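*Asks:* Here is my input; please provide its structure:
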Amino acid sequence: MSYAISGECCSDASCVAVCPMNCIHPSPGEPGFGTGASLFIDPRTCIDCGACADICPVDAAQPSEQAAAEDVERNAAYFAGQEPLDAMDLDSWEAPSYQVWGGEPRRVLVVGAGPAGLYATRELLLRTTAEVTLVDRFEQVGGLVRYGVAPDHPSTKQIMSSFERITHHRRVRWLPGTDATELEGGAAGGLPDGFDAVIHAVGARRSRRLGISGEDAACSAEDFVAWYNGRPGSTLPVELVGPRAVIVGNGNVALDVARILLSDEARLRTMDVSPQVRRALVTSGIKEVVLLGRRGPDEAAYTQPAFQELLTAAGDRVELRYHARPTAWSSEGLALDDGTTIAAGNLFTAIGFEGRPIDGLPFDPDRGIVPNVRGAVVGRPGHYVAGWIKRGGRGGIGVNKACAQETVMTLVSSSRAPASPGS
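*Replies:* So this is what the prediction gives:
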C-alpha cells in the first residue's frame, strides 16, 4: 500500500522534508513547485511509512486504499514516463560543499546505524569531505527500521537496501558488531583517538515504565517488538497466556503489538517472523486485547491509518478504554484506580521510549535525552547527537532525516577552521 495526496494539498512541502524515500514531488527548487495545485507521491517508491500523513497540516496525504480513486490515479499519472528516484543513490548526489569545512578532510565517528546515524552519515558525505567511521553494536544496519517496524509492514523495510548502500561509500568505514566503548580514547567526555567529532545516534531503546506494583512481571514493548522482529539476543520475558491481554498505551507501537497478538496462523505465515515466534503467537490463546489509554481519545498518539489497519485486522476483538489509571498488575489482572480489575493473562506496556545515559556525556533523566543545542552536546565540544537521543522518543523514519541534517550543519558551522597538522 502506498500513499497518495488529495486535491486539498496546501503545497507547503513539509511532507517533502520528512519523506525518507524522496518520493514526493515537485520539491522546492524543482520546476513546478509552488505553481501547481498539489504535490504528488510516487507509488513506485513509497514505502508506506506514513511520515507524510503524520506531518501533513491539512490531512491531504492518505493511504491509497482510503484516498479517492481519482487522487490515486492523478498521483501515478504525474510520474508516468519518469525514472524512479532513489533517495540514497550516491551517484546522483550533488557535489559536496567543500568550502564550508575547510580544505582538509575531517574524521567523524558516527555511533549507531539506524535511520538517524545513516542520515547523518549521508549528510556528512554530501556536505563535506569528511571520512566517516560508522559503528553499530549489531551486524546489520537499520536500527528500528529493521528491528522496530512491524513484520506485516514489509514495504516500510524496503529502505534498508538504500541504507546499506551508504556503508559501501568510499569515504565510509563500516564496523558492524562494534561497541563504541571499544574504541581507544574518549574518556571523561573526550574524543576517541583519531577523530575530530563524534555523532551519537544511539536511539532511545528503553521502554518507559508505568511505576506500578507488579510491573516487573509485565512485558515491555521494547522486549516484545525485539522478540518478534528477531533482534539478536532478544527473548520473550513472559509466557503468552490467553484469552485476554491488556496493552497500556495509545500510540502506533501499542497498535502494532495488538495487531500482532491477534494475527491468526494464516496471517502470520505472510510475515517475516521465525517459526518459533509464529508458534508462540498461534498457541498463546490470546483472542482479545484491551487497549488502555490513561488519557482521553483526543490525546491518542496513534495515526488514523494505523487505527484503521488495526480495525481491519482485529475487528471486534479489540476493546478501547480511556481515562483508565493502572495501579497494580498481578495474576488476577490489571487493577485500576476506580477499584475495578481487568482479568488478563498478560500486560504489555507501550507508553513510549527513553534514552539511556552515554558514558562521559550529560544526561537529562526527565526527558531521556542528552542535553544539546541543535545537536551540539552541552559542555562537550566535538560531541553531537541525532535522532531520539537528541529530541526524545518520538517521530518516525522521515523526521530523523531533518534531525540529522540539523546536527550535521551545526557540526560543520562549529568546525570551519582547517584541521591542525597531525590532527
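
*Asks:* Listing request: residues of the protein with sub-threshold pLDDT.
*Replies:* For the chain, applying pLDDT under 70 flags the ranges 1, 36-37, 85-105, 184-189, 315, 415-423.

*Asks:* can you pull out the helices in it?
*Replies:* Remark: helices of the chain, listed N- to C-terminal, are 14-18, 51-55, 69-78, 115-127, 144-147, 159-166, 221-228, 252-261, 265-268, 275-282, 304-314, 388-391, 397-413; assignment by DSSP state H.

*Asks:* which one of the ones you listed lies closest to A197?
*Replies:* Taking Cβ to Cβ, helix 397-413 is the member of those nearest to A197, at 5.7 Å. The C-beta positions use only the backbone N, C-alpha and C, and glycine is treated the same way.

*Asks:* buried stuff in the closest one?
*Replies:* 397-401, 403-408, 410-412 (16 or more other Cβ atoms under 10 Å).

*Asks:* got the residues you listed as JSON lines, with distance to F138 columns?
*Replies:* Written out in JSON lines, the entries for these read as follows (distance: Cβ to Cβ, whole Å):
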{"residue": "I397", "distance to F138": "17"}
{"residue": "G398", "distance to F138": "22"}
{"residue": "V399", "distance to F138": "22"}
{"residue": "N400", "distance to F138": "17"}
{"residue": "K401", "distance to F138": "21"}
{"residue": "C403", "distance to F138": "21"}
{"residue": "A404", "distance to F138": "19"}
{"residue": "Q405", "distance to F138": "24"}
{"residue": "E406", "distance to F138": "26"}
{"residue": "T407", "distance to F138": "22"}
{"residue": "V408", "distance to F138": "23"}
{"residue": "T410", "distance to F138": "27"}
{"residue": "L411", "distance to F138": "25"}
{"residue": "V412", "distance to F138": "28"}
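
*Asks:* from those residues, which is closest to E8?
*Replies:* Proximity to E8 was ranked across those by Cβ to Cβ; first place goes to G398, at 20.6 Å.

*Asks:* okay but that closest one is in contact with A51, surely?
*Replies:* Yes - counting by Cβ atoms under 8 Å, G398 touches A51, with 3.3 Å between them.

*Asks:* Show me what the nearest residue to S414 once chain neighbours are set aside bridges to in the sheet.
*Replies:* Taking Cβ to Cβ, 6 or more residues apart in numbering, and ignoring the residues beside it in sequence, S414 has A376 as its nearest neighbour in space, at 6.5 Å. Bridge pairing for A376 (DSSP bridges) gives the partners V373, Y384.

*Asks:* residue contacts, A376?
*Replies:* Neighbouring residues of A376 by Cβ atoms under 8 Å, 6 or more residues apart in numbering: H383, Y384, T407, T410, L411, S414.

*Asks:* Now for R294, how many residues are close by?
*Replies:* Residues lying near R294 (other Cβ atoms under 10 Å) number 17.

*Asks:* Distance of it relative to D337?
*Replies:* In this structure, R294 lies at 10 Å from D337, with Cβ to Cβ, to the nearest Å as the measure.

*Asks:* what is in contact with these two at once?
*Replies:* Each of R325, P326 lies in contact with both R294 and D337 under the rule Cβ under 8 Å, 6+ apart.
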